[in-house]
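With the input below, show me the fold.
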Amino acid sequence: MRRALAIAVAAAALLAGCGGHDAKKPVVRSQAPPKPPAVRAAPAHPRDVALIRRWADTLRAGHVTAAARLFRVPAIAENGTGELLLDTPAATREFNASLPCGAVLLDARRVAGGYTLAIFRLTDRPGGDCGPGTGGRAATAFRFGKGRISEWRRVAVPTFEAPRPSPQV
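Residues are numbered from 1 along each chain as shown. Here you go, the predicted model:
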C-alpha cells in the first residue's frame, strides 16, 4: 500500500503543480487525462468518516480555527509541496487556512497502511478562493491518532477496485 500511496501522492503532486517548460525541449501534451490509480479498499470506520466529515463541514463553513482543532499536534500534512510538520496549534491553523477550497465528503474507504482515503467535491468557502477548482474532485489520505487527524496527505483521486468475493465454503 505504501507503494500505491506513494504513486498516488506523486501523481497528485504532478497534477497540482504548474510551471514553465524549457524552451529547448518540446512540450508534450497528452490526448487523454491519466487514468486514476485503482485502489483496493474496505469500508471506512464510521468514527473516521465522522471525523473527516466534521473537519470538511467545519472548514467549508469558514471556521478555520475549529477545523484546525481537529488535528493532533504534532501532525503531518502534505499538499503537493512536500511534507509539513504541524507541531503547534498555530501551524495546524495556518495549514487549514492555506486550503483555498471547502469540500463535501463524497466517499471514504479504508486502505492498506492504516490510511482512510476520502474523496471530496470541492466548494467555495468563506476566507478561501477555490476559483476554477469549485465542483472538481479531490482526494486525501488520512491517518488518525487519539481521535484527531494525525496525517493529511493529498493524493490523486482514485477509482476503487470492486471487493473480492468471499470464498464459498
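
Could you list the low-pLDDT ranges of this structure?
Low-confidence segments of the chain, defined by pLDDT under 70, span residues 1-39, 161-169.

bridging residues for the residue most central in space within it?
Geometric centre of the chain, nearest residue: Thr140, 1.6 Å, by C-alpha atoms, centre = their mean. Applying DSSP bridges to Thr140 gives these bridge partners: Ala118, Arg154.

In this structure it contacts Arg153, no?
Yes - between Thr140 and Arg153 a contact is recorded at 6.5 Å, counting by C-beta atoms under 8 Å. In short, each C-beta sits where N, CA and C put it, glycine included.

Secondary structure element holding Ala66?
In this structure, Ala66 sits in helix 64-68 according to DSSP states H and E.

same for that helix, what does it pack against?
Secondary-structure packing of helix 64-68 (3 or more C-beta pairs under 8 Å, 6 or more residues apart in numbering; DSSP states H and E): helix 46-60, helix 89-98.

List of residues touching that helix?
55, 58-59, 89, 92-93, 95-97, 127 (C-beta atoms under 8 Å, 6 or more residues apart in numbering).

Pull the distance from it to the chain's centre.
The chain centre lies 17 Å from the centre of helix 64-68; the measure is C-alpha atoms, centre = their mean, to the nearest Å.

now do stretch 103-115
For stretch 103-115, the distance to the chain centre is 9 Å (C-alpha atoms, centre = their mean).

Keeping just the C-alphas, turn that stretch into CSV.
The C-alpha trace of stretch 103-115 is given here as CSV (Å, rounded to 0.1, in the frame of the first residue of the first chain):
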residue,chain,number,x,y,z
ALA,A,103,-15.2,20.4,0.5
VAL,A,104,-18.1,18.0,0.7
LEU,A,105,-17.2,14.4,1.6
LEU,A,106,-18.4,12.0,-1.1
ASP,A,107,-16.8,8.7,-0.1
ALA,A,108,-14.3,7.3,2.3
ARG,A,109,-12.6,3.9,2.3
ARG,A,110,-10.0,2.2,4.5
VAL,A,111,-6.9,1.2,2.5
ALA,A,112,-3.7,-0.6,3.4
GLY,A,113,-1.2,1.1,5.6
GLY,A,114,-3.7,2.4,8.1
TYR,A,115,-5.0,5.2,5.8
